[in-house]
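> based on what follows, work out the 3D shape:
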Amino acid sequence: AGCLRKGQTLLACGSPFGDLCPELFLNTLSRGVVSNLAGEENALVLTDARCLPGTEGGAAFVPSPAGPRAVAVIAASLCWKGAEWVGLTLLCSLAAILRSSAAVLGEAGIAVPPLPAWVAAVPASGGRDPLGWTALVECGATWGSGVLLAPRMLLTCRHVVEARAPLRVTPAAGAGQDAAAVLWGRVVFATEESSPFDVAVVELEESVPGFVPPCLASTFLPGEEVSVVGFGALGRACGPSVTAGILSAVLAVAGRPVMLQTTCAVHGGSSGGPLVSSRSGCLMGIVASNTRDTGAGATYPHLNFCIPISVLQPLVARYRRTGDPAAFAELNRAGDGVRAAWQLQQRPGPPSKL
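So this is what the prediction gives:
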């Protein structure tokens, strides 16, 4: 598993529910991505592949031209955390297991199987690495995620930076990059509480070294594969996590997309993180929230809402040209149709002429 990278496709194979109807459940497959990695040579792997109780001990594979290669063993399915459906699975590296048990097995006269062959990591989406645009945003005891659009400019959610405390921004390390230093920032604009768009603009005191700006998406196709990058699954530990899904809905008002829905797993701390097209690698939007059933007290991470980058891009361009934060004031003047969409209400129809 030492060659794995975040966002890489994984297949998990296991038999949920023990000996219940094995002819139906034996060796069922689940597909996901590598969400996070930890330990020496990636001894621990987190994936968003759906693994139910009973699949523990099953194998995880990565696709390769020569066929699937086993890289890890299912250790625990993380189904619920309080009232929040987690939907993530912890894996143990197969190579780490074989290395650590080699001496014991050798003393018992058991031949140790060869370590799994090295599997080349698949290049990042569209040749772009969204980890290089993602940052941890800390404001007092609150943390969330953010998207870097320029060496000194970051977008996040208003609710992430509401506390009146110094703002710390830690850019995530992209592929082949060293861990970035903590940078300090200040909020130059935040939407009003009454605005349907939960957005804040942060200016950094220093530039992010070697920053490469993201490609910005201009089209949004329901059903296309997408990924979310953020600090939701493990918080500040292990860097940002990646979860995959599809763009489940695009809500438009007057022909303009104003809300994106996805099936990616979005947990607390993911707010402000990037939504990325798995096909092109372009930035599609920023995560605003997941869904909570206030009656049942349950949170559903796989139904979530994002602000399309097409809403923000012209305002960002105007701000970078003029330096005036008032460029974003348009977000506070959204029409009734946009407000109804973000309040999950039926949009108002045309006025009657009777």
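
> contacts only, for residue 35.
By CB atoms under 8 Å, 6 or more residues apart in numbering, the contact list for residue 35 reads 6, 46-48, 88, 233, 241-243. (Each C-beta comes from the backbone N, C-alpha and C, glycine too.)

> go again using 10 Å as the cut-off
Residue 35 makes contact with 6-7, 10, 45-49, 88-89, 227, 229, 232-234, 238, 240-244, 265, according to CB atoms under 10 Å, 6 or more residues apart in numbering.

> residue 129 contacts residue 215, correct?
No - with contacts counted by CB atoms under 10 Å, residue 129 stays clear of residue 215, the gap being 11.5 Å.

> which residues do the two both contact?
276, 281.

> all helices for the stretch 201-350 of the chain, in order.
Using DSSP state H, counting those that start in this stretch, the helices found in the stretch 201-350 of the chain span residues 309-322, 336-342.

> give me the low-pLDDT residue ranges for the stretch 251-354 of the chain?
Confidence mapping of the stretch 251-354 of the chain against pLDDT under 70 gives the ranges 345-354.

> tell me where the stretch 251-354 of the chain has strands.
According to DSSP state E, counting those that start in this stretch, the stretch 251-354 of the chain carries its strands in the segments 256-262, 274-277, 283-293, 298-308.

> could you list the low-pLDDT ranges of the protein?
Checking the chain against pLDDT under 70 turns up 1-2, 83, 113, 115-127, 174-180, 345-354.

> so if we follow the domain assignment, how does it break up?
Per the record, the chain has its domains at 8-108, 127-345, by the TED database.

> any chance of the helices of the stretch 201-350 of the chain in CSV, plus mean neighbour count and distance to residue 259?
Below are the helices of the stretch 201-350 of the chain laid out as CSV (neighbours: other CB atoms under 10 Å; distance: least, CB to CB, whole Å):
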stretch, mean neighbour count, distance to residue 259
helix 309-322, 16, 9
helix 336-342, 17, 5
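
> now distance to residue 255 too, for those helices, in CSV please.
Formatted as CSV, the entries for the helices of the stretch 201-350 of the chain read as follows, by distance: least, CB to CB, whole Å:
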stretch, distance to residue 255
helix 309-322, 11
helix 336-342, 11
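
> any buried residues in stretch 292-305, and which?
For stretch 292-305, the buried set under the neighbour-count rule, 16 or more other CB atoms under 10 Å, comprises 299-305.
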